[in-house]
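Undergrad: this one's sequence-less:
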Ligand SMILES: CCCCCCCC(=O)SCCNC(=O)CCNC(=O)[C@H](O)C(C)(C)COP(=O)(O)OP(=O)(O)OC[C@H]1O[C@@H](n2cnc3c(N)ncnc32)[C@H](O)[C@@H]1OP(=O)(O)O
């Protein structure tokens, strides 16, 4: 199964672009919000604006097969608004490489990325490779992260993933997040190629 077959939501190109702009603006808002000082007037105004967003969005909620978020193969991280924007520069069945810049939204402290967000990025980049290598959707069985140095926000980082070994349906994948010559974190994960009855949108107990 190709990447496009796995994730293509079959949206018109101009709608894809528009959704990309929406996610971009959302991320900018998140970063600015995470960096705002205590300003009661701004807080009250923003809270009212966000309440109107809720009123607009909640009546239109749809099911997983029809949502846009995470289903736009043409956008970075499939347009998944929860994820840091990993820009994949090279994608083969053996190796995935890309750059990522975590904004202030992802800061844990000390102007460094929250450890959970580092693992989140590993789940994505290792998962991309596992799915490409397995030729179908995979699911994370475990994910191990070693934090070697603080991962800085607001700067371009390199993310790489490669296949360690394969045993039947089990894909053992490794990766690194680097800032220049510094290895900030190492990741290792086991991804299981899903059986037909475990397909997208199905829980294991279904
Ligand atoms: C492109 C998109 C990238 C996005 C990537 C993001 C991916 C995700 O985040 S997925 C969400 C997070 N993951 C989950 O919620 C998974 C929850 N768990 C499950 O669904 C199941 O336990 C699942 C699918 C992992 C394995 O279940 P199942 O397919 O029934 O496999 P099962 O028969 O138990 O085990 C198969 C083999 O894997 C091994 N295995 C399974 N889980 C583990 C584990 N945690 N550790 C070590 N080995 C394991 C088993 O020992 C067995 O090995 P062997 O064949 O050698 O005896």
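TA: Structure received. Please read these numbers as outputs of a predicted model, since none were measured by experiment.
Undergrad: any idea how far the residue positioned nearest the centre of the chain is from the ligand?
TA: For the chain, residue 83 is the residue whose C-alpha lies nearest the centre (C-alpha atoms, centre = their mean; 3.3 Å). Applying C-beta to the nearest ligand atom, to the nearest Å, the value for residue 83 to the ligand is 9 Å. Yep, even glycine has a C-beta here, placed from its N, CA and C like the rest.
Undergrad: And residue 79, by the same measure?
TA: Taking C-beta to the nearest ligand atom, one finds residue 79 at 12 Å from the ligand.
Undergrad: State the pLDDT value of that residue.
TA: Residue 79 is assigned a predicted lDDT (pLDDT) of 96.
Undergrad: least trustworthy helix or strand in this protein by mean pLDDT?
TA: Lowest on mean pLDDT, DSSP states H and E among the helices and strands of the chain sits helix 3-7, with a mean of 69.
Undergrad: Of all the residues in the helix or strand that that one is followed by, which ones are buried?
TA: Sequence order places helix 13-34 as the next helix or strand after helix 3-7, per DSSP states H and E. By 16 or more other C-beta atoms under 10 Å, the buried positions in helix 13-34 come out as 16, 19-20, 23, 27, 31.
Undergrad: Likewise for stretch 135-154?
TA: 136-138, 143, 145, 150-153.
Undergrad: Over to stretch 112-130?
TA: Taking 16+ other C-beta under 10 Å as the criterion, stretch 112-130 shows 112-114, 117-130 as buried.
Undergrad: Now intersect those with the strands, please.
TA: 112-113 (DSSP state E).
Undergrad: ok, so what distance separates whatever residue of the chain ends up closest to the ligand from residue 143?
TA: Per C-beta to the nearest ligand atom, residue 127 is where the chain lies closest to the ligand, at 2.4 Å. Shown here: residue 127 relative to residue 143, a distance of 9 Å by C-beta to C-beta, to the nearest Å.
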